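>>> Got a predicted model here, sequence first, then my questions.
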Amino acid sequence: TDSYPGLTRDSRFSQLTPEHVAYFKQLLGQDSAVIDGINADAAADIEPFNEDWMHKYKGQCRLVLKPGSTEEVSKILRYCNEKMLAVVPQGGNTGLVGGSIPVFDEIVISMGRMNTIHSFDEMSGSLVLDAGCILEVADQHVAERGYIFPLDLGAKGSCHVGGNVSTNAGGLRLLRYGSLHGSVLGMEAVLPDGTVMNDMCTLRKNNTGYDLKQLFIGAEGTLGIITKLVVQCAQRSPAVNVALFGIESYEKAQRAFREAKLQLSEILSAFELMDGTSQRLVHQVRGGTRPLENDYPFYCLIETSGSNSEHDYEKLEKFLEDVMSNEVIADGVVAQDATQIKTLWSWREGITECIGHWGGTYKYDVSIPLSEMYLIVHDVKARLSEAGLLGETDDHPVVDVLGYGHMGDSNLHLNIAVRRYDKEVEKVLEPYVYEWIEKRQGSISAEHGLGLAKKNYIGYSRNETMIGLMKQIKTLYDPNGIMNPYKYI
Ligand code: FAD
Ligand code: 2HG
Ligand code: ZN
């Protein structure tokens with residue numbers, strides 16, 4: 001309880017007993033599907049389910065269940081609902097807001113065994129798969145058939161599609177393929193009382209009443225457990241080009257974005273921003289040769305995806321000539337083959353992992369109107385410097401402040417790389433950052449969700465009426481409150 005000041009275990013929830021565990025063992029039928037910390041010491045086996053990727057959130061769970069079918073999920077939830085046992089759904093456990101980690105002794109329901117790809121329609125591009133499929137595996141499956149999964153992100157090798165949908169992840173190509181609210185065509189989900197909601201439509205259009213599956217997209221496991229999905233995949237583009245630019249100012253980065261949209265139009269598939277600090281830190285951690293010779297305050301990574309490489313390359317070259325001669329960009333490099341494409345992307349995708357190197361990161365995943373988006377990095381850096389918390393030596397908790405993200409979606413990742421988590425730093429950052437965002441009508445969570453991290457701050461982006469409506473929906477679907485308690489709702 002000490003880890004989460006202000007939170008106390010809800011006494012309405014039952015304590016787990018050997019009798020409960022015996023029910024789950026009999027239901028799931030195989031030893032490996034239950035990690036039992038009630039009858040034996042299983043702390044080491046349970047630890048990975050009790051801790052997040054950043055080692056920031058720690059739970060006290062003593063029972064992990066790994067169902068193998070929708071029917072098993074349904075029986076687990078029905079039993080938990082009757083016995084008042086709280087649960088936390090867990091996918092790949094790559095979330096960045098503590099949503100997949102139990103707070104007290106909630107049961108973790110880990111979805112990794114439900115990982116079958118059921119079918120793929122090569123005509124329409126609709127993919128039917130289990131929620132526990134790993135994103136990269138799903139993308140590989142459709143790639144072999146000429147298609148692309150409409151979502152891509154740095155954690156693709158371990159996150160689950162069910163986790164992606166539950167966080168409504170945005171990722172690197174939202175600019176091109178849109179949000180999961182558009183590309184999830186169908187869903188099967190189990191409600192807390194065990195009811196199976198089957199809405200496995202494989203067609204694009206279905207305007208028959210309320211679109212209930214939308215509620216589960218971004219619900220972060222608070223309404224039920226997603227068990228299956230139908231996802232609309234796009235035709236994979238045979239011609240992909242990637243370029244990385246060095247840019248002298250944020251104002252010029254905005255101009256580069258405007259020009260990229262104008263001149264590259266339908267072939268533009270990603271426009272990502274990285275500041276100089278982020279690239280310096282990645283280089284410090286990983287070493288290697290940097291893509292451009294000189295240092296710049298900003299970098300942009302542009303990707304184009306089209307059907308005709310000559311046409312696309314010509315367009316990209318013309319664009320490059322234009323932005324170079326007009327001094328919008330200071331320098332640039334275009335990848336010459338697939339390996340170089342991967343390398344250029346790694347300077348963007350590797351940031352999250354590298355900046356944790358010194359000990360930890362405070363993360364703010366925010367939407368801000370583009371004209372002011374980067375200003376928050378300067379303001380936060382100035383505040384931390386003035387407070388004497390930022391510096392090169394170990395007596396300063398803060399290593400540096402950096403900003404990067406999905407410029408094409410007005411989504412900035414403001415990160416504060418620290419040597420240790422520190423109350424003084426937190427006091428300088430919060431609620432300052434949230435107030436800053438609220439003043440600009442931004443969003444305090446653009447794509448990672450609220451989880452435990454932003455539990456207390458939802459009011460900066462949603463008004464009382466909307467929070468009230470959310471609570472009504474939560475009560476309707478989960479009257480006993482067993483689904484992912486203590487989190488944002
Ligand atoms: P988990 O972390 O296991 O769970 C996330 C939430 O969903 C939890 O609240 C959990 O209870 C719930 N949940 C999981 N599975 C289910 C289910 N089947 N039914 C109901 N609820 C469920 N996010 C972005 O949006 N864009 C990015 O570009 C991006 N890049 C990332 C890069 C790295 C290196 C890392 C570590 C994370 C990144 N993320 C990004 C964070 C992102 O939220 C996750 O990577 C991903 O969407 C979570 O999937 P997961 O399977 O790991 O879910
Ligand atoms: C990304 O875009 C992810 O790389 C992670 O959303 C952002 O680590 C972060 O703050
Ligand atoms: Zn992101």
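It's in. Residues are numbered from 1 along each chain as shown. Ligands and ions are numbered 1, 2, ... in the order given.
>>> how would you label residue 64: helix, strand or coil?
Here residue 64 is strand, with the state taken from DSSP: H, G, I helix; E, B strand; the rest coil.
>>> tell me the phi and psi of residue 5?
Dihedral pair for residue 5: phi -60, psi 140, per degrees, to the nearest 10.
>>> residue in the protein nearest to ligand 1?
residue 163 (2.0 Å; C-beta to the nearest ligand atom). Every C-beta, even on glycine, is put in place using the N, C-alpha and C of the backbone.
>>> and that residue, how many residues sit next to it?
For residue 163, the count of nearby residues is 28 (other C-beta atoms under 10 Å).
>>> My guess is it contacts residue 96. True?
No: between residue 163 and residue 96 there is no contact under C-beta atoms under 8 Å: 11.4 Å.
>>> so where's the protein shaky on pLDDT?
Within the chain, the stretches with pLDDT under 70 are 1-3.
>>> picking up where we left off before, next, give phi and psi for the residue of the chain closest to ligand 1.
phi -70, psi -40.
>>> Can you tell me the SS state at residue 231?
Going by three-state DSSP: residue 231 is strand.
>>> Also residue 428?
Residue 428 ends up helix, using three-state DSSP.
>>> ok, it - contacts?
383-384, 387, 389 (C-beta atoms under 8 Å, 6 or more residues apart in numbering).
>>> ranking the residues you listed by neighbours, who comes first?
residue 384 (23 neighbours).
>>> who in the chain is up against ligand 1?
Taking C-beta under 6 Å from any ligand atom as the contact definition, the chain meets ligand 1 at 53, 88-96, 99-100, 111, 131, 153-155, 159-160, 162-164, 166-167, 169-172, 220-221, 225-226, 352-353, 447-448, 451, 484.
>>> And the top helix by length along the chain, what's buried?
In the chain, with assignment by DSSP state H, the single longest helix is helix 309-325. Neighbour counts over helix 309-325 (16 or more other C-beta atoms under 10 Å) mark 312, 315-316, 319-320, 323 as buried.
>>> what does stretch 247-263 give?
247, 250, 252-257, 259-260, 263.
>>> quick one, strands of the stretch 1-150 of the chain?
34-36, 63-65, 87-90, 107-110, 117-120, 126-130, 147-148 (DSSP state E, counting those that start in this stretch).
>>> So what are the sheet partners of the longest one and their directions?
Paired neighbours of strand 126-130 in the sheet (DSSP bridges): strand 117-120 (antiparallel), strand 225-232 (antiparallel).
>>> just the last one next, same as before
Using DSSP bridges, the neighbouring strands of strand 147-148 in the sheet come out as strand 234-235 (antiparallel).
>>> Specify the angle between the helix or strand just after the strand it pairs with and helix 309-325 in degrees.
Using DSSP states H and E, the helix or strand that follows strand 234-235 in sequence is strand 239-247. With axes from the mean of the first three to the mean of the last three C-alpha atoms, to 10 degrees defining the directions, strand 239-247 sits at 10 degrees from helix 309-325.
>>> Show me which residues of strand 239-247 are buried.
240-247.
>>> next one: stretch 191-210
191-194, 196-197, 199, 201-202.
>>> could those go into a markdown table alongside distance to ligand 2?
Converted to a markdown table, the buried residues of stretch 191-210 look like this (distance: C-beta to the nearest ligand atom, whole Å):
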| residue | distance to ligand 2 |
| --- | --- |
| 191 | 29 |
| 192 | 29 |
| 193 | 34 |
| 194 | 34 |
| 196 | 32 |
| 197 | 29 |
| 199 | 28 |
| 201 | 29 |
| 202 | 29 |
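>>> residue furthest from the geometric center of this protein?
Most distant from the centre of the chain: residue 325, at 37.5 Å, with distances by C-alpha atoms, centre = their mean.
>>> Let me know the distance separating it from ligand 2.
31 Å (C-beta to the nearest ligand atom, to the nearest Å).
>>> for the strands of the stretch 1-150 of the chain, which one ends up most surrounded?
strand 87-90 (a mean of 26; mean count of other C-beta atoms under 10 Å).
>>> Identify the residues contacting stretch 335-352?
96, 154, 172, 240-244, 272, 274, 278-279, 281-282, 286, 290-291, 299, 301, 333, 361, 402, 404, 413, 415.
>>> what do you get if the cut-off is 7 Å, keeping everything else the same?
154, 240-242, 244, 272, 274, 278-279, 282, 286, 291, 301, 404 (C-beta atoms under 7 Å, 6 or more residues apart in numbering).
>>> for stretch 450-469, same thing?
In contact with stretch 450-469 (C-beta under 7 Å, 6+ apart) are residues 57, 95, 97-99, 103, 220, 434, 437-438, 443-445, 486-488.
>>> neighbours around residue 142, how many?
Neighbour number of residue 142 under other C-beta under 10 Å is 22.
>>> Contacts only, for it.
Applying C-beta under 7 Å, 6+ apart, the residues near residue 142 are 120, 127, 148-149, 233.
>>> can I get these in a markdown table with distance to residue 209?
Putting the contacts of residue 142 into a markdown table (distance: C-beta to C-beta, whole Å) gives the following:
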| residue | distance to residue 209 |
| --- | --- |
| 120 | 28 |
| 127 | 25 |
| 148 | 31 |
| 149 | 28 |
| 233 | 26 |
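>>> near ligand 2 too, which of those?
Counting by C-beta under 6 Å from any ligand atom, no member of the contacts of residue 142 is near ligand 2.
>>> and the residues you listed, which two are the farthest apart?
For the contacts of residue 142, the farthest-apart pair by C-beta to C-beta is 120 and 148; their separation is 12.3 Å.
>>> Not counting residues beside it along the chain, what's closest to residue 377?
residue 403 (3.8 Å; C-beta to C-beta, 6 or more residues apart in numbering).
>>> for stretch 40-60, which positions count as buried?
42, 46, 49-50, 52-54, 56-59.
>>> same check, this time on stretch 74-89
For stretch 74-89, using 16+ other C-beta under 10 Å, the buried residues are 74-78, 80-81, 83, 85-89.
>>> Narrow these to those in helices?
74-78, 80-81, 83.
>>> Put together CSV for those, with distance to ligand 2 on each row.
Listed next are those as CSV, based on distance: C-beta to the nearest ligand atom, whole Å:
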residue, distance to ligand 2
74, 32
75, 35
76, 31
77, 30
78, 35
80, 31
81, 33
83, 37
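>>> Can you report phi and psi for the closest residue to residue 176 other than its chain neighbours?
By the measure of C-beta to C-beta, 6+ apart, the closest residue to residue 176 outside its immediate chain neighbours is residue 269, 4.2 Å from it. Phi and psi for residue 269, reported as degrees, to the nearest 10, are phi -120, psi -10.
>>> count of residues packed around residue 269?
Neighbours around residue 269, by other C-beta under 10 Å: 24.
>>> for it, what are its contacts?
Residue 269 touches 173, 175-176, 303-305, counting by C-beta under 7 Å, 6+ apart.
>>> now do 8 Å
173, 175-176, 237, 240, 303-305.
>>> Dump those residues into CSV; add secondary structure and distance to ligand 2 as well.
Shown next, in CSV, are these (DSSP: H, G, I helix; E, B strand; the rest coil; distance: C-beta to the nearest ligand atom, whole Å):
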residue, secondary structure, distance to ligand 2
173, coil, 11
175, helix, 12
176, helix, 15
237, coil, 21
240, strand, 19
303, strand, 14
304, strand, 20
305, strand, 18
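>>> Restricted to buried residues, select those residues in ChimeraX.
With 16+ other C-beta under 10 Å as the burial test, the buried ones among the contacts of residue 269 are selected in ChimeraX as follows:
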select :173,175,176,237,240,303,304,305
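>>> now the contacts of residue 269 as TSV including distance to residue 393?
Formatted as TSV, these follow (distance: C-beta to C-beta, whole Å):
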residue	distance to residue 393
173	40
175	40
176	44
237	48
240	44
303	39
304	44
305	45
